[in-house]
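**Student:** mind looking at a prediction? Sequence and model below.
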Amino acid sequence: MARVCCEFDVYTFQIDFARHVSNIVYIQWLEIGRLKLLEEVGLPVGKAAERGITPIVAATSIVYQRPVHLGDRIRLEAWLGDFGKASAMVHYQLTNQLGEQVAEATQRGLFVRIADGRPVRLGEEDRLRFVPYVERRAPVRID
């Protein structure tokens, strides 16, 4: 099973008043991972828009496991699970430079028509593009 991987340095402007990376930065990292996944399967946002569709996020869940600080380097891995006819769950694992998991996340995504915002089911050819990235996995738990 394939995964998309990205690495990020932590910058001063990403640090919040608690002296660790702000929650919004995690959302930005997830967005970058999701867009890279779409690029790797050959359906980047621009190409999708030419076809009159766009990917959207319907839900996001993040479980923070340890803080990320200035000077850390974060590795994000993304893959798909629960790949349905109209939507898919994107799974993310974020680790630091020591290999420690700092967070895990999921996002429910789907494609909609740009003209009216209605959900669109991808055709078989498009669905096959995503198959190498699909892995069945247990849902994220908060203990």
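**Tutor:** Right, received. Where do you want to start? Residues are numbered from 1 along each chain as shown.
**Student:** what does the longest helix seen in the chain rub up against?
**Tutor:** Among all segments of the chain classified by DSSP state H, the helix with the greatest residue count is helix 23-40. For helix 23-40, the surrounding residues in contact (Cβ atoms under 8 Å, 6 or more residues apart in numbering) are 2, 4, 6, 8, 14, 16, 44-45, 48, 55, 57, 60, 62, 64, 74, 76-80, 90, 92, 94, 103, 105, 107, 109, 133. For glycine as for every other residue, the C-beta is placed from the backbone atoms N, C-alpha and C.
**Student:** right, and Gly81 touches Tyr133 too?
**Tutor:** No - with contacts defined as Cβ atoms under 8 Å, Gly81 does not count as touching Tyr133, sitting 9.4 Å away.
**Student:** quick one: which of these two has more around it?
**Tutor:** Tyr133 (21 against 17; other Cβ atoms under 10 Å).
**Student:** pop out the phi and psi values for the more buried one.
**Tutor:** phi -100, psi 0 (degrees, to the nearest 10).
**Student:** mind checking how far it is from Ile15?
**Tutor:** 32 Å (Cβ to Cβ, to the nearest Å).
**Student:** what of Arg51?
**Tutor:** 40 Å.
**Student:** which of the two has more neighbours?
**Tutor:** Ile15 (16 against 13).
**Student:** so who does that one touch?
**Tutor:** Val21, Ser22, His69, Leu70.
**Student:** tell me what it is bridged to.
**Tutor:** Judged by DSSP bridges, the bridge partners of Ile15 are Val21.
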